[in-house]
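In: 3D model of this:
(chains A and B)
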There are 2 protein chains.
Amino acid sequence: MSESRLPEEGAVPLDDRGLAYGDGLFETVLVRDGEALLWEAHLARLARGCRALGLPMPARDRLDSLPGQAGEGLRVLKLILTRGSGGRGYLPPAEPSPRLRWQAAPFSPQPHRWRAGVRVRLCRLRLGLQPALAGLKHLNRLENVLARQEWQDPEVAEGLLCDSDGWLVEATCMNLFWRRDGRLETPRLDRCGVAGTLRAALLEALPIAEVDAGPEVLLDAEAAWLGNSLQGVWPLARLDDARGSELKRWAPGEAHRSLQAEAHRLLGYSPSMAS
Amino acid sequence: MSESRLPEEGAVPLDDRGLAYGDGLFETVLVRDGEALLWEAHLARLARGCRALGLPMPARDRLDSLPGQAGEGLRVLKLILTRGSGGRGYLPPAEPSPRLRWQAAPFSPQPHRWRAGVRVRLCRLRLGLQPALAGLKHLNRLENVLARQEWQDPEVAEGLLCDSDGWLVEATCMNLFWRRDGRLETPRLDRCGVAGTLRAALLEALPIAEVDAGPEVLLDAEAAWLGNSLQGVWPLARLDDARGSELKRWAPGEAHRSLQAEAHRLLGYSPSMAS
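Out: Here you go, the predicted model:
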């Protein structure tokens, strides 16, 4: 979202609490020809975040007007909702005036990753436990930024994160799924991590169990995937440790197609693009 | 820093990483007639933060020019340093162009709290463990915002925070000190919390041990204090549990004066104001 940025709604003043404290939420939404994909799931997560932070939810008609302003073709619409200005230090104002800002940019998924799968590595950074914020897409994302700085190799598509107790949580910007003994599983996200909207939709559509599992579970997995509402679903082709040494390989094939097909149906990605 | 805001250096665009991810640092500095108190400690913490986040430290002469622009009398100068715009999602640009922004406002300490002490309560929220960010004054402060929302009673001056393992860490915007069996102690801050500049200066000036301790340590403390580089040092007069029930009282008196006197000397607060 840099050079190709489209017209956007304003900036924020220096005293905005979103800037000062990360006191706010965001959503990144796939929009195709003015229609938002998984829109209800995005609004549901935004509403959950508003309840957790004590923010009023923006009016539904204002939110609904945004995808239509994102432009033609495939776009990513980013919404940022902050608590606005004011308050006494960390104490928010009793009646905040939240700021809703947005920007949109062209988006292209990476179909070669759908087909060939991706190489990922385990990150060294452990996510801190914070049940009060778990699952939310809030503006405190320094852990993700630090984790994403752990590798520069463009062959490595993502990094997997564990929490401070050692349980698998997610990748830096995608959710994680695997199949073992024929069962689909994904990490529980009630202590940290971001509960993606694609993940939410897949949990509704398929029998996926939310579990506590360490990274060793992946060594026994018949298949594993990363997914989010923009990129769709990438099969894992290779898992490295935090030093870049190979731990496991998978041959993306038929075993990987069912979860991916369901995800791409939800996102309107054509099956022919992935084959 | 609301109605009385002084001229400030700019706002930030919507794609600034400080807003998007809290990818940045801040400092709030006490300035008296253009001279910053504990300035070297503020710059040292900012430099530590820059190293941890992989940010270039702003030029010293630029930073040194700011306190002189804060205005006459007693002021609070707030600096915000973000990684600037750009990057691919969480991955920062290889050569970031950080944004340094500042604002200044009049400041008045609360001498009645120096004299009479304050009532504080234990917060329910537990701070997540994150050694990679511990001690830094970064822009991810949602935990502090949530904790500060746990009480509205203006009689309660601060809330004490434990980490997810149950150890005492700090108050929402101040550091914590106590004396037991004649020894001065303060929580270790190597897993979470903000290492205040007044705390750093007091650790250099006085024999204060950094320890792991649960909140029960306060029940045995002869004296306890909160402090930061703006407010100076408040003796604790009363500690409540998270429901507001009294756990302990102290009578602020001679036992509280030595730590406070040292802190107020460092901040240039007149001893007569506290007596």
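In: near chain B at all, stretch A:210-226?
Out: No - interface with chain B: stretch A:210-226 contributes nothing (CB under 8 Å from any CB of the partner chain), its closest point being 13.5 Å away. C-beta here means a position set from N, CA and C on the backbone, and glycine is covered the same way.
In: what segments of chain A are helices?
Out: A:17-21, A:39-53, A:60-64, A:111-116, A:142-148, A:197-205, A:254-267, A:271-274 (DSSP state H).
In: kindly reformat the ones you listed as TSV containing distance to chain B and mean pLDDT.
Out: As requested, the helices of chain A are exported to TSV (distance: least, CB to the nearest CB, whole Å; pLDDT from 0 to 100):
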stretch	distance to chain B	mean pLDDT
helix A:17-21	4	98
helix A:39-53	7	98
helix A:60-64	17	98
helix A:111-116	15	96
helix A:142-148	4	98
helix A:197-205	16	98
helix A:254-267	18	93
helix A:271-274	22	65
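In: most tightly packed of these?
Out: Stretch with highest mean neighbour count among the helices of chain A: helix A:17-21 (a mean of 27; mean count of other CB atoms under 10 Å in any protein chain shown).
In: how far off centre is stretch A:118-134?
Out: Averaging C-alpha positions (CA atoms, centre = their mean, to the nearest Å) puts stretch A:118-134 12 Å from its chain's average.
In: tell me the buried residues in it?
Out: A:118-123, A:125-130, A:132-134 (16 or more other CB atoms under 10 Å in any protein chain shown).
In: cool, and stretch A:236-248?
Out: Residues of stretch A:236-248 classed as buried: A:236-240 (neighbour count, 16+ other CB under 10 Å).
In: per the record, what domains does chain A have?
Out: A:17-106, A:111-269 (automatic domain parsing).
In: okay but residue A:67 is in contact with residue A:37, surely?
Out: No - using CB atoms under 8 Å as the test, residue A:67 is too far from residue A:37 to be in contact (9.2 Å).
In: among the buried residues of stretch A:118-134, which ones lie close to chain B?
Out: Restricting the buried residues of stretch A:118-134 to those near chain B by CB under 8 Å from any CB leaves A:125-130, A:132-133.
In: need those in a markdown table (columns: pLDDT).
Out: Converted to a markdown table, these look like this (pLDDT from 0 to 100):
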| residue | pLDDT |
| --- | --- |
| A:125 | 98 |
| A:126 | 98 |
| A:127 | 98 |
| A:128 | 98 |
| A:129 | 98 |
| A:130 | 98 |
| A:132 | 98 |
| A:133 | 98 |
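In: greatest separation within the residues you listed: which pair is it?
Out: Pairwise distances across these peak at 20.3 Å for A:125 and A:132 (criterion: CB to CB).
In: so who does the residue in the stretch 151-275 of chain A positioned nearest to chain B touch?
Out: Of the residues in the stretch 151-275 of chain A, the one nearest chain B is residue A:164, at a distance of 4.9 Å by CB to the nearest CB. Contact analysis of residue A:164 by CB atoms under 8 Å, 6 or more residues apart in numbering or on different chains lists A:126-129, B:128-130, B:164.
In: ok, for the residue of chain A found nearest chain B, nearest residue in space, not its chain neighbours?
Out: Closest to chain B within chain A is residue A:128: 2.7 Å, counting by CB to the nearest CB. Spatial nearest neighbour of residue A:128, excluding adjacent residues (CB to CB, 6 or more residues apart in numbering or on different chains): residue B:128 at 2.7 Å.
In: list the contacts of the one you found.
Out: By CB under 8 Å, 6+ apart, the residues touching residue B:128 are A:127-130, A:164, A:192, B:143, B:163-164, B:192.
In: show me the residues you listed that map onto strands.
Out: In this view, those that belong to strands under DSSP state E are A:127, B:163.
In: format the contacts of residue B:128 as a markdown table; extra columns: distance to residue B:77.
Out: Formatted as a markdown table, the contacts of residue B:128 follow (distance: CB to CB, whole Å):
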| residue | distance to residue B:77 |
| --- | --- |
| A:127 | 33 |
| A:128 | 30 |
| A:129 | 35 |
| A:130 | 30 |
| A:164 | 35 |
| A:192 | 34 |
| B:143 | 24 |
| B:163 | 30 |
| B:164 | 33 |
| B:192 | 26 |
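In: low-confidence bits of the stretch 101-250 of chain A, can you list those?
Out: Along the stretch 101-250 of chain A, no part satisfies pLDDT under 70.
In: please enumerate the strands of it.
Out: For the stretch 101-250 of chain A, the strands defined by DSSP state E, counting those that start in this stretch cover A:118-127, A:156-163, A:168-171, A:175-180, A:183-187, A:208-211, A:223-228, A:232-240, A:246-249.
In: how about those in CSV, adding distance to residue B:205?
Out: Listed next are those as CSV, based on distance: least, CB to CB, whole Å:
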stretch, distance to residue B:205
strand A:118-127, 35
strand A:156-163, 38
strand A:168-171, 42
strand A:175-180, 49
strand A:183-187, 47
strand A:208-211, 51
strand A:223-228, 51
strand A:232-240, 48
strand A:246-249, 50
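In: could you dump the buried residues of stretch A:236-248 to a markdown table with distance to chain B?
Out: Formatted as a markdown table, those follow (distance: CB to the nearest CB, whole Å):
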| residue | distance to chain B |
| --- | --- |
| A:236 | 19 |
| A:237 | 21 |
| A:238 | 20 |
| A:239 | 20 |
| A:240 | 17 |
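In: residue A:221 and residue A:188, how far apart?
Out: Distance, residue A:221 to residue A:188, using CB to CB, to the nearest Å: 17 Å.
In: and what of residue A:241?
Out: In this view, residue A:241 and residue A:188 are 23 Å apart by CB to CB.
In: with residue A:213 instead?
Out: From residue A:213 to residue A:188 the distance is 9 Å (CB to CB).
In: dump the residue contacts of residue A:108.
Out: Shown in contact with residue A:108 (CB under 8 Å, 6+ apart): residue A:74.
In: cool, thanks, talk later.
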